[in-house]
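Student: Test case, fold it:
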Amino acid sequence: MQTLETVLDIAPPLPRTKQAPPSYSTAWIVVLVLADLTMFLLSSLLATEIGFTYWYHGRSLERVLVGDAVFIVLWLIIFERLGLYQRSCALSVKDELYYTITALALGVLPQLTLFTIVPPISTSRLVLLLSLAFSIVSVGATRAALHGLRSANMLRRRRRVAIIGRRDRAVRAAARLGLGANAESLIIEVADVDRSVADAHMTKDVDIARLRWFDEARRWGCDTIIMTEIVPSSIMPHLLEAAARERILFAFAPPRLERHAYSLSLQTDGQQVLIVPSQLRACTPRARLMKRLLDVTVAGIATLLTAPIMLAAALAVWLESGSPVIFRQERVGLQGEVFEILKFRSMRVDAERDTGAVWARTGDDRKTRIGAFLRRTSIDELPQLFNVLRGEMSLVGPRPERPIFVEAFCTTLPRYDERHLVRPGITGWAQIHMKRLLDPSDAVEKLSYDLYYVEQWSLFLDVSVLLQTAIEVLFHRAG
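Tutor: Next comes the predicted model:
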């Protein structure tokens, strides 16, 4: 095992001649695209041949081939949009197959929707399912084989572990780690983690990239970061999120550990015991992929299905109180970014002229008659489907708040900014357990539900929240 050392506060940055974090080269991306295109084409042609043999009698071959071409192009677009040509080549073959099969399976839904909207390019659903089955086998096998070839060429790349903290502790941890000969450790001496956080000017806006020790480990292509010091709880969630995004294992080997509100597990590496905080489930790359697929698919279908309702609502608002029909308001979203939330206007145009920003309240006399109905039935929220399609919101997540309220809550409620590690939602875990936030004192209880969602997210939880929300809207509020 080779051990390298650097002291960030006095030493210049390590030379960039060392191997950078692995990623797909342009040539390798071309190989992947061509391989996927070939497998899609073969799978589609095989499914089409079976279709003409058994149930396509008398159907135009040209029309079927056009449908096949659309089928192939859509899947290539889905693969590209989901990052299957941009992901780190350090993925395991299991993850490679998982992402590939998930993209193939969930990609069928928008294709069925498109074929329904544009009948001339439609193809048989059985042929589409056959193409899916053949593509799962062929594309999955091809990607696994290419992954094996790529991995074989990368065996010379050593495992890289960054050990961060005071020099004596870091050296002791490095000596106890069971890294073996095909590994190297990078000791980054940071005597005072709290000071390094302060020097990064992260008192308000948390950007882990400003931490020089994290950026140094990332630039060196380290696959593991081990802290021998205590990490301030204020940056802990952002550190876990950044590590998950870079596919870096983050672990502790400290003499003592400040209590965090995260589940911890023990792992052993050689003779060294590591304390590993569990990932925030909603922040992992896999969770983001699944959520985005669910959001785009369901929001796209819901937009088409509710278009007549939205048109009727817009007309009703305009007839009662004129324009604007759409109410736009700044809200805080993912990573603290401010965006404009869309709603059908349910109040007078000058509702906050005299009061300023205030909480919504029961029996609010600022609401119009149509607005009261839209709110009671939640029709006023339907334009937020466009926020979802634009990537500003998710179907399920913590409800976005106004910047003025967020600033106040961040100073009074610990961990409040962790809500912004995920996209805000049209509905959420808190919304099915609580009514609208009518008083600032409710924020503490609401925050507990939001943090539970971020930590315990699952696709089943999202689907469950959507179903419970639909039941509430259709049978309780409407009734």
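Student: Helix, strand, or coil at the most centrally placed residue in the chain?
Tutor: What sits nearest the mean C-alpha location of the chain, by Cα atoms, centre = their mean, is residue 288, with 2.6 Å. For residue 288, the secondary structure call by DSSP: H, G, I helix; E, B strand; the rest coil comes out as helix.
Student: mind checking pLDDT for residue 153?
Tutor: Predicted confidence (pLDDT) for residue 153: 60.
Student: And for residue 109?
Tutor: At residue 109 the predicted local distance difference test score is 71.
Student: so it is in which element?
Tutor: In this structure, residue 109 is located in helix 108-117 according to DSSP states H and E.
Student: Quick check: buried residues in the helix or strand just after that helix?
Tutor: Stepping forward along the backbone from helix 108-117, the first helix or strand reached (DSSP H and E) is helix 125-153. Judged by neighbour count using 16 or more other Cβ atoms under 10 Å, the buried positions of helix 125-153 are 127-128, 130-132, 134-136, 138-140, 142-143, 146-147, 150. Quick note: C-beta positions are derived from backbone N, CA and C, even for glycine.
Student: Check which helix or strand residue 250 maps to.
Tutor: Residue 250 belongs to strand 249-252 when assigned by DSSP H and E.
Student: Give me the mean pLDDT for that strand.
Tutor: For strand 249-252, the mean pLDDT works out to 82.
Student: Against which helices or strands is that strand packed?
Tutor: strand 224-227, helix 236-245, strand 272-277 (3 or more Cβ pairs under 8 Å, 6 or more residues apart in numbering; DSSP states H and E).
Student: Let's see that with 6 Å instead.
Tutor: For strand 249-252, the contact count by 3 or more Cβ pairs under 6 Å, 6 or more residues apart in numbering; DSSP states H and E identifies strand 224-227, strand 272-277 as packing neighbours.
Student: any idea how far residue 394 is from the residue nearest to the centre of the chain?
Tutor: Look at residue 288 and residue 394: by Cβ to Cβ, to the nearest Å, they are 10 Å apart.
Student: Check residue 26 too.
Tutor: When distances are taken as Cβ to Cβ, residue 26 and residue 394 turn out to be 32 Å apart.
Student: Compare neighbour counts for those two and give me the winner.
Tutor: Neighbour count, other Cβ atoms under 10 Å: between residue 26 and residue 394, residue 394 has more, with 26 against 7.
Student: that older thread, comparing the helices and strands packed on strand 249-252 by mean pLDDT, which bottoms out?
Tutor: Between these, the model is least confident about strand 272-277 (mean pLDDT), which shows a mean of 58.
Student: And the strands in the stretch 201-350 of the chain, which stretches?
Tutor: Applying DSSP state E, counting those that start in this stretch to the stretch 201-350 of the chain gives strands spanning 224-227, 249-252, 264-269, 272-277, 326-332, 338-344.
Student: how much space between the closest residue to residue 469 other than its chain neighbours and residue 306?
Tutor: Closest residue to residue 469 apart from its sequence neighbours, by Cβ to Cβ, 6 or more residues apart in numbering: residue 427 at 4.3 Å. Applying Cβ to Cβ, one obtains 15 Å for the distance of residue 427 from residue 306.
Student: between these two, which one's more packed in?
Tutor: residue 427 (23 against 15).
Student: Break the chain into its domains for me.
Tutor: Domain assignment for the chain by automatic domain parsing gives 2-18+157-279, 26-153, 285-477.
Student: which regions of the stretch 201-350 of the chain lie under the pLDDT threshold?
Tutor: Low-confidence regions of the stretch 201-350 of the chain, defined by pLDDT under 70, span residues 201-206, 209, 254-279, 350.
Student: run the last query once more with 50
Tutor: Along the stretch 201-350 of the chain, the model assigns pLDDT under 50 to residues 203, 256-261.
Student: Settle this for me: residue 368 is touching residue 319, isn't it.
Tutor: No - contact status for residue 368 versus residue 319: not in contact, 11.0 Å apart, counting by Cβ atoms under 6 Å.
Student: higher neighbour count, the two?
Tutor: residue 368 (19 against 9).
Student: list the contacts for the more buried one?
Tutor: 320-321 (Cβ atoms under 6 Å, 6 or more residues apart in numbering).
Student: mind checking how far it is from residue 320?
Tutor: Computed with Cβ to Cβ, the distance linking residue 368 and residue 320 is 6 Å.
Student: Likewise for residue 389?
Tutor: According to Cβ to Cβ, residue 389 and residue 320 sit 28 Å apart.
Student: What of residue 75?
Tutor: In terms of Cβ to Cβ, residue 75 sits 46 Å off from residue 320.
Student: and those two? which has more neighbours close in?
Tutor: Regarding residue 75 and residue 320, a neighbour count based on other Cβ under 10 Å identifies residue 75 as having more, with 24 against 12.
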